[in-house]
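# Can you look at this prediction? I've put the sequence above it.
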Amino acid sequence: MRSFYILLPLFSLILPNPGLYCQQPDISDFRLGGEAVVTGDNCIQLTPDREWASGSIWYKEAIGLNAPFEMELKVMLGCKDGSGADGIVFVFHPYAQRTGYQGEGMGFAGLEPSLGIEIDTWLNEHLGDPLADHIALLRDGQVDHRFSLKKPVAIPNIEDCRQHPMKVSWSPDEQRLRILLDGKTVLTYEGDIVDRVFKGNSKVYWGVTAATGAFSNRQAICFDKLEFTKAEDIPPLELSGKKAGLLLKGEIITLDNLQFESGSATLLPLSKAELDRLALLMKHHPGLNLDIFGHTDNVGSAGANQALSQRRSEAVARYLMDKGIPRHRLRPKGFGELYPIASNDTPAGRLKNRRVAFRLSRPVP
Ligand SMILES: [Ca+2]
Ligand SMILES: [Ca+2]
């Protein structure tokens, strides 16, 4: 059961979904750095309107990117359009409370590995900034847009003294990061962030950094809602017999206790706990697909064995789909009696041959 922590600017409330926790936003859940100051219940000024200022906030607990993340807030980038700078960055990073270079780096530059959603209000030509205020998806502390995961998207002037609603959401099932500003989707990114950016490590901290340089603006945020799963609440990943590690290395494995009713494709109840763990493993590695290979012994006709092995591999796929794994990630295939791993002359050997095997694979780009 995943635990979701939602911070709402309302009274504490219990939602009907068990395991869902809600609480009032508590600024003490963040560590403030640099010149960041709390200015209201849910509001933090990251920089004053002063040259060479910087500020950051970091959420104290690590979050798991293999669970959904959603944040709704308001951003204020100041009142000076022509001479305002530099911008703010929403940062995901495996180490807590580190802040990168100021000025054009906006407190993000130099942090590696990292993912950064920038709202940039100052044109730095050597970094490939467009003339307009813009949003881009940065990685590994690089503010030069040649290295951006998603190139800058121009937005209307945001240094207009107003609060702008913003929403950042990450769906690991869809592998989609979406950013809305003023109610409109301005940027989406589809890809395996955990694998591509964080090298398989889904446990990250997140924060917001901002900086000014030779030009400045008052830059602030107010949180409306935060929804995420603490990394520590995500159960450990293991299949019995330490097979998760083998599977992640690309080896073909069989699962203990994966059994069917005799001659049928109906899973025995004892199979389900292990398949539940397999589903969880797949959710943690959303960029990987699963081959499901059904095999039989040589009792009965080859044609019947082929059909049975196909039905069994499909039964496993259906079970995993019911647990939330998308169909396109599952590749059931029956091989019948073609590939025995033991002698079919003994009961023990035939038992070994009646099996479903699994292999994780990376999709071909
Ligand atoms: Ca502007
Ligand atoms: Ca800039």
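Sure, I can see it. Ligands and ions are numbered 1, 2, ... in the order given.
# And the lowest mean pLDDT element among the helices and strands of this structure?
Lowest by mean pLDDT, DSSP states H and E among the helices and strands of the chain is strand 20-23, with a mean of 40.
# Not counting sequence-adjacent ones, nearest residue to the residue nearest the centre of the chain?
In the chain, the centroid-proximal residue (CA atoms, centre = their mean) is L65; its distance is 3.3 Å. Of all residues beyond its chain neighbours, the one nearest L65 is S202 (4.5 Å), with distances taken as CB to CB, 6 or more residues apart in numbering. Placement of C-beta: from N, CA and C, glycine included.
# any idea how far R355 is from that neighbour?
Going from S202 to R355 by CB to CB, to the nearest Å gives 30 Å.
# Run through the residues of the stretch 1-150 of the chain sitting next to ligand 2.
Within reach of ligand 2 by CB under 5 Å from the ion, the stretch 1-150 of the chain has these residues: D120, W122, N124, D129.
# hang on, the earlier thing: immediately after the least confident helix or strand of the chain, which helix or strand?
Next along the chain after strand 20-23, taking DSSP states H and E as the criterion, comes strand 30-34.
# any idea of the mean pLDDT in that following strand?
Average pLDDT, strand 30-34: 92.
# Kindly report the same for stretch 192-201.
84.
# quick check, distance from that stretch to the centre of its chain.
9 Å (CA atoms, centre = their mean, to the nearest Å).
# Would you indicate which residues of it are buried?
By neighbour count with 16 or more other CB atoms under 10 Å, stretch 192-201 contains the buried residues D192, I193, V194, D195, V197, F198.
# Could you list the alpha-carbon positions for that stretch in CSV?
Extracted in CSV, the C-alpha atoms of stretch 192-201 (Å, rounded to 0.1, in the frame of the first residue of the first chain):
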residue,chain,number,x,y,z
ASP,A,192,12.1,7.2,-18.2
ILE,A,193,13.4,9.9,-15.9
VAL,A,194,14.5,7.5,-13.2
ASP,A,195,16.6,5.5,-15.7
ARG,A,196,17.8,8.2,-18.0
VAL,A,197,18.5,11.0,-15.5
PHE,A,198,19.0,9.2,-12.2
LYS,A,199,20.6,6.0,-13.4
GLY,A,200,17.9,3.8,-11.9
ASN,A,201,17.8,5.6,-8.5
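# can you list contacts of it?
For stretch 192-201, the surrounding residues in contact (CB atoms under 8 Å, 6 or more residues apart in numbering) are 65-66, 92, 94, 113-115, 139-140, 149, 170, 172, 175, 177, 202, 204, 285-287.
# Sitting in strands, which of these do you find?
F92, L115, R139, W170, L177, V204 (DSSP state E).
# The fifth one against V168, yeah?
So that's L177. Yes. Counting by CB atoms under 8 Å, L177 does reach V168; the two are 7.5 Å apart.
# between those two, which one's more packed in?
Each of L177 and V168 has its neighbours counted (other CB atoms under 10 Å); L177 has more, 23 against 19.
# OK, contacts around the more buried one?
Taking CB under 8 Å, 6+ apart, one finds L137, V168, S169, W170, T188, Y189, E190, I193 in contact with L177.
# And G33, by the same measure?
Counting by CB under 8 Å, 6+ apart, the residues that G33 touches are G55, S56, I57, W58, Q97, T99.
# so who does the nearest residue to R329 once chain neighbours are set aside touch?
Closest residue to R329 apart from its sequence neighbours, by CB to CB, 6+ apart: N289 at 4.8 Å. Contact partners of N289, counting by CB under 8 Å, 6+ apart, are H328, R329, L330, R331, L360, S361, R362, P363.
# Return the members of the residues you listed classed as buried.
Here, 16+ other CB under 10 Å leaves R329, L330, L360 buried among these.
# got a markdown table for those residues, with pLDDT, secondary structure and distance to ligand 1 too?
Formatted as a markdown table, the buried ones among the contacts of N289 follow (pLDDT from 0 to 100; DSSP: H, G, I helix; E, B strand; the rest coil; distance: CB to the ion, whole Å):
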| residue | pLDDT | secondary structure | distance to ligand 1 |
| --- | --- | --- | --- |
| R329 | 94 | helix | 42 |
| L330 | 97 | strand | 47 |
| L360 | 90 | strand | 46 |
